[in-house]
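In: need the 3D shape of this:
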Amino acid sequence: MPRPLRIHVPGGFYHVTLRGNHREDIFCHTRERTLLNIIVARALEKHLAGLHAFCWMTNHLHFLVRVGDIPLGRLMQQIASEYARAFQANLETTGHLFENRYYATLVDTDSYLLEALRYVHQNPIRGGISSRVDQYRWSSHSDYSGRAEHPWVTTDFILKLFSSARARAMALYRAFVEDTPAPQVAEELAALEKGVPLLGECEFIARHAPVRRQAVTLESIIEAACRHFAVTLDQLRSSSRTARLVSARAWVASTATSIGATHLTEVARALNRDESTLRHAMRTRSAAQADLPLLETPLRVSKKD
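Out: Numbering: from 1, shown residues only. Predicted coordinates:
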């Protein structure tokens, strides 16, 4: 399965979901939720990010994060790895605690930020473990309601979207979070569970739509080698073993296999060589790899389909 596309926008708001492996529980005791709070606070400070909402469910986590110049992935990697080590140390278990990849969606601040906030705080209701938002302890709802239990949660930005007067903003928030989103909005918000890259209006999506690089092919790598080493394809496929040709073949094999363009078997077939011959060339030329040219084949980009 291909990895989800990652979009880094400094100052952007992301809804993030991190699930337990095979949907298994990631908490056994209250102290583990408290430990996660400490880990999250430390990671936010280190990566200069702001947490605007959270909800710790039994087998998955919801975050509403605003990142700075440091990509979201570094923040999530620290949180997941540090908590997993601590959790498994207490239980003396091994293996993956979380799924390999978190889900992240860049949220349109103008039109969907408040809906994303409500979505995070209403998760216990959707999960059937609470009938009201204020009955669930392990979320940032209390911070928006005025109790400020988590100093590492940032509430000012979103509360000001309700009102510049804080008391009025909290009252409006409480009414908003207890209400049910419109059916069309609820349908769009459901996509957050799947980690769609973007959630917003058409203009927002068009502005931030990721571009996908076309895969570099073995043919394009061979063409680049011919240009860089000033040789022809017929020469590469010939029996000649000049230093220039051996270097070119080694470069093609190293480049194609290292970037995952193809397997060594295919390279050997394309260059009319034995795999063992190419492996030997790659080994003997490894010390000189720093002097070999980088792949300069133009990679065209196109909007994601």
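
In: beyond the host helix or strand of Ser247, next helix or strand please.
Out: Under the criterion of DSSP states H and E, Ser247 resides in helix 243-258. Note on helix 243-258: by DSSP H and E, the next helix or strand toward the C-terminus is helix 264-271.

In: picking up where we left off before, and the helix holding Ser247, what other elements does it pack with?
Out: On a contact count with 3 or more Cβ pairs under 8 Å, 6 or more residues apart in numbering; DSSP states H and E, helix 243-258 meets helix 218-229, helix 233-237, helix 264-271, helix 275-284. No exception for glycine: its C-beta is placed from N, CA and C like everyone else's.

In: possible to save these as JSON lines with mean pLDDT and distance to Lys160?
Out: Formatted as JSON lines, the helices and strands packed on helix 243-258 follow (pLDDT from 0 to 100; distance: least, Cβ to Cβ, whole Å):
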{"stretch": "helix 218-229", "mean pLDDT": "87", "distance to Lys160": "51"}
{"stretch": "helix 233-237", "mean pLDDT": "94", "distance to Lys160": "64"}
{"stretch": "helix 264-271", "mean pLDDT": "93", "distance to Lys160": "58"}
{"stretch": "helix 275-284", "mean pLDDT": "84", "distance to Lys160": "59"}
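
In: how's the protein carved up into domains?
Out: The chain breaks down by automatic domain parsing into domains covering 13-209, 218-301.

In: just put these in a markdown table and tack on distance to Ile7 and mean neighbour count.
Out: Shown next, in a markdown table, are the domains of the chain (distance: least, Cβ to Cβ, whole Å; neighbours: other Cβ atoms under 10 Å):
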| stretch | distance to Ile7 | mean neighbour count |
| --- | --- | --- |
| domain 13-209 | 5 | 17 |
| domain 218-301 | 14 | 16 |
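
In: what's the least confident stretch among the ones you listed?
Out: In terms of mean pLDDT, the lowest-scoring of the domains of the chain is domain 218-301 (a mean of 78).

In: pull the distance from it to the chain's centre.
Out: 33 Å (Cα atoms, centre = their mean, to the nearest Å).

In: dump the helices and strands packed on helix 243-258 to a markdown table, plus distance to Leu72.
Out: Conversion of these to a markdown table gives the following (distance: least, Cβ to Cβ, whole Å):
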| stretch | distance to Leu72 |
| --- | --- |
| helix 218-229 | 32 |
| helix 233-237 | 43 |
| helix 264-271 | 35 |
| helix 275-284 | 36 |
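
In: so which of the ones you listed is nearest Asp69?
Out: Closest approach to Asp69 among the helices and strands packed on helix 243-258 is made by helix 218-229 (32.7 Å; Cβ to Cβ).

In: okay, and Val65 sits in which element?
Out: Counting by DSSP H and E, Val65 is part of strand 60-66.

In: the following helix or strand past that strand to strand 60-66, inter-axis angle?
Out: Next helix or strand after strand 60-66 toward the C-terminus (DSSP H and E): helix 72-91. Going by axes from the mean of the first three to the mean of the last three Cα atoms, to 10 degrees, helix 72-91 is angled at 150 degrees with respect to strand 60-66.

In: list the contacts of helix 72-91.
Out: The contact list for helix 72-91, computed with Cβ atoms under 8 Å, 6 or more residues apart in numbering, reads 6, 8, 14, 16, 18, 26, 28, 32, 35-36, 39-40, 43-44, 46-47, 49, 65, 67, 94-98, 102, 104.

In: starting at the chain centroid, how far to that helix?
Out: Worked out by Cα atoms, centre = their mean, helix 72-91 lies 15 Å from the chain centre.

In: just stretch 77-96 next, same as before
Out: Relative to its parent chain, stretch 77-96 has a centroid offset of 19 Å by Cα atoms, centre = their mean.

In: how far away is His52 from Arg6?
Out: Using Cβ to Cβ, to the nearest Å, one obtains 20 Å as the distance from His52 to Arg6.

In: likewise for Ser164?
Out: Ser164 is 35 Å from Arg6, where distance means Cβ to Cβ.

In: now stretch 159-172 - C-alpha only, CSV.
Out: Output of stretch 159-172 as CSV, limited to C-alpha atoms (Å, rounded to 0.1, in the frame of the first residue of the first chain):
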residue,chain,number,x,y,z
LEU,A,159,-11.4,30.9,20.9
LYS,A,160,-10.9,34.2,19.3
LEU,A,161,-12.7,32.9,16.2
PHE,A,162,-15.8,32.7,18.4
SER,A,163,-15.4,36.1,20.1
SER,A,164,-12.7,38.5,21.2
ALA,A,165,-14.2,38.4,24.7
ARG,A,166,-12.9,35.2,26.3
ALA,A,167,-15.9,34.4,28.5
ARG,A,168,-18.3,34.9,25.6
ALA,A,169,-16.0,32.8,23.3
MET,A,170,-16.1,29.9,25.8
ALA,A,171,-19.9,30.1,26.0
LEU,A,172,-20.2,30.1,22.2
